[in-house]
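Q: Predicted model follows, preceded by the sequence.
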Amino acid sequence: MACIVIGSAYILKVPRPVHHTPARPYRQAEWPRSSWLQVPSRQRLRPMVELTYNTPSEFRSVLAGKAAEGSDGLCLVTRHAYESQHTGFLIDEDVAIGTNSRFTYMMFEPMPSDKVARDQVLIITHGLNEGNPAKLFLWAYNLTRILDYPVVVFPLAFHMDRRSSAWDYLEQVQLTERRKQAGRNTHVSPFNTVISDRMSQNPDRFVRGGLQSFHDVIGLCDEIVQGRHAGFLAGATPHFLGYSAGGYLVLDLLLSDPGNRFQNSRSVLFATCVRSDDMNPDSIFILDALAGQRLMAFMDAVKEPLLGLGQAETALAKEPVFWLHQILSGGSCLEAELRELAPRILALAGKDDRILSADGMEQNLHPIPVTRLPTGVHEFPFALCGDLPDTFDRRKPETREMLSRVKHSRHVADRYRGVFRDFIESAARFLSESGT
C-alpha cells in the first residue's frame, strides 16, 4: 500500500505496483550517476585530531559577519553568497524581506587544503529561532578537521543571516512589553518576541519558511554536485546534520528524496523529529506560550494546502508537506520508510531534553535506534545545564545569572567536554562509513 497526496490535502491508501516509483518534481534535474565513478574513494578520519572546545579568536570577525574569511592555520572559514529562488512560498509581507532572499552562509574547510577539490560535504541545519551561528561553530569546526572535508552551516529562512535588519533591539523591547500584557502568556523575552509575534499572526509561516529552506538546501546541493561550487568535484556526496527544527527538514529531504538526489547521503538527527503532540516549544529562547499554542494548533492541520501558492509552488510543496505531516503525526507511512533509511541515519537525543524529548524521538523514529546523551538544555547543548527560567526579568538574579551563562554558550562547558567529544566522534565515525 502507498500513501498518496492529492492537492496536499487528503491522504488515501492505494495499491502500489511492485516496481513503481512515483514521479517527483525534480526528476528532470537528477544528478548524473556516472560522476560517482570519477571521484576519489571516501576519505577516512584524520588520525590524532585534538578537539577544540573554545571558539578560536581568529574567527571572531567572520563569525560576526564582518569579514569574508578567517583562518587559524587548521581550518579556513569563508562566507559564500546565496540567493533564494523560492520566495513564492512566502506571504507577500515576507517576500519583501530582502535579507531572507540574499544572504551568506559559512563554509569550513580543512587546512592545509592545497586547493584540493573534495568529493563530500556535510551540511548542518539549526534550530527554531537561531539568531547566529555561534552555537554551531565548534560542531562544524571540529567535524571539518576530523572528517577532512568541508562543512557548511546553512541558515534556514528568516534565521541567522536571513533575519530582517528591522528586527532591532528597540522593536524587540516594544514587542516584549506588548506580549507580556497578553493574558496568560509566559516565557516572553526579547529573544523570542519577534518570532512569537510572527507565528501568532501567521502560524503557516512555519511551513512556508520550511518549504523555502527545503528547496534552498536542494539548490545548494545542486551547485555542489554539478561542479558549480568552488572546492568540490562534480558528483560530490552531500551529508547532513540536522539539529532541532533543522532535523525535521533533513528527514523530510531524505523521505522526499527529490530526483533521487540523496540516495547516498548519510544523516545525523540530533534532538529532533518528535511528533507535534510531544513538542514543548515554550522557552524564552524559542517561543512564548501563546505563540507555542498557536503553532501547535496549526501543526495538527499541516497537511492542509497552503493558500495563495502558485501552480509551480503547489507542485513543489506536495511531497515535502506530506512527509512533514507524517513526521509530525507519526503517520502510517513513516515506519516503513524509516526502516529503509535506518542504515543511513544516526539518531542522537538529549537525555533530559524538555523541548523535544528522547522518549519522543524513540517513539517517532522507530525502528531507528536513538542514543541518549547528557547534553544539557536543548537550547544550548554542551554549554548550559539545569532549567532555564520561565520568566525574563533583568531585575531578578536568576535572569542575570542565566544571561551570564548564555554569554559563554559559544564554548563547550568543562562539564560537557566528554559528551561533546562523544557527540563529535560518533557523528564523524558514522558519516565516514562507506556504503549505504
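A: Arrived safely.
Q: Please look at residue 202 and residue 91 and confirm they touch.
A: Yes - with contact defined as C-beta atoms under 8 Å, residue 202 counts as touching residue 91 (6.2 Å). Every residue, glycine included, has its C-beta placed from N, CA and C.
Q: Can you tell me how far the residue lying closest to residue 87 once chain neighbours are set aside is from residue 308?
A: In space, not counting the residues next to it along the chain, residue 87 is nearest to residue 95; the distance is 4.8 Å by C-beta to C-beta, 6 or more residues apart in numbering. According to C-beta to C-beta, to the nearest Å, residue 95 and residue 308 sit 11 Å apart.
Q: Just give me the longest helix of this structure.
A: helix 205-225 (DSSP state H).
Q: could you pull out the helices for this protein?
A: Listed in chain order (using DSSP H), the helices of the chain are 60-63, 92-95, 98-101, 134-147, 169-181, 193-201, 205-225, 245-256, 289-299, 311-329, 334-341, 358-365, 397-407, 417-432.
Q: Distance check, the residue nearest to residue 87 against residue 289.
A: If you measure residue 95 against residue 289 using C-beta to C-beta, the figure is 29 Å.
Q: Over to residue 348?
A: Distance from residue 348 to residue 289, by C-beta to C-beta: 28 Å.
Q: Compare the two and say which one has the larger neighbour count.
A: The residue with the greater number of neighbours, taking residue 348 and residue 289 and applying other C-beta atoms under 10 Å, is residue 348; the counts read 25 against 19.
Q: I'd guessed that one sits against residue 424; true?
A: No - the pair residue 348 and residue 424 does not pass the contact test of C-beta under 8 Å, sitting 10.9 Å apart.
Q: I figured residue 204 hits residue 301, correct?
A: No - shown here, residue 204 and residue 301 do not form a contact pair, counting by C-beta under 8 Å, at 9.5 Å.
Q: outside of stretch 214-227, which residues touch it?
A: The list of residues contacting stretch 214-227 from outside it, by C-beta atoms under 8 Å, 6 or more residues apart in numbering, reads 26, 29, 31, 35, 82, 84-86, 89, 105, 121, 123, 125, 152, 154, 157, 228-229, 232-236, 238, 249, 252-253, 256, 258, 261, 316, 320.
Q: Could you pull up the mean pLDDT of that stretch?
A: Confidence over stretch 214-227 (mean pLDDT, whole number) is 97.
Q: who has more neighbours, residue 204 and residue 301?
A: Taking residue 204 and residue 301 together and counting by other C-beta under 10 Å, residue 204 has the greater number of neighbours (18 against 11).
Q: Report how many residues lie close to the nearest residue to that one once chain neighbours are set aside.
A: If you skip the residues right next to it in sequence, residue 204 has residue 306 as its closest partner in space, 5.9 Å away by C-beta to C-beta, 6+ apart. Neighbour count of residue 306, defined by other C-beta under 10 Å: 17.
Q: check contacts around residue 306.
A: Contacts for residue 306 were tallied using C-beta under 8 Å, 6+ apart; they are 8, 89, 204, 207-208, 317, 321.
Q: So what's the predicted local confidence for it?
A: The pLDDT attached to residue 306 in the predicted structure is 75.
Q: Give me the residue at the spatial middle of this protein.
A: Centrality entry for the chain: nearest residue to the mean C-alpha point is residue 246, 2.0 Å, by C-alpha atoms, centre = their mean.
Q: Isn't residue 410 up against residue 136?
A: No - here residue 410 does not reach residue 136: they are 9.5 Å apart, not a contact under C-beta under 8 Å.
Q: Neighbour count: those two, which is higher?
A: residue 136 (22 against 18).
Q: hey, which helix or strand in the protein has the poorest pLDDT?
A: Counting by mean pLDDT, DSSP states H and E, the chain has its least confident helix or strand at strand 10-14, which shows a mean of 30.
Q: Count the neighbours of residue 399 for me.
A: Other residues within reach of residue 399 by the criterion other C-beta under 10 Å amount to 17.
Q: Enumerate every residue touching it.
A: Under the contact definition (C-beta under 8 Å, 6+ apart), the residues listed for residue 399 are 389, 391-393.
Q: Find the pair from those with maximum spatial separation.
A: 389 and 393 (8.2 Å; C-beta to C-beta).
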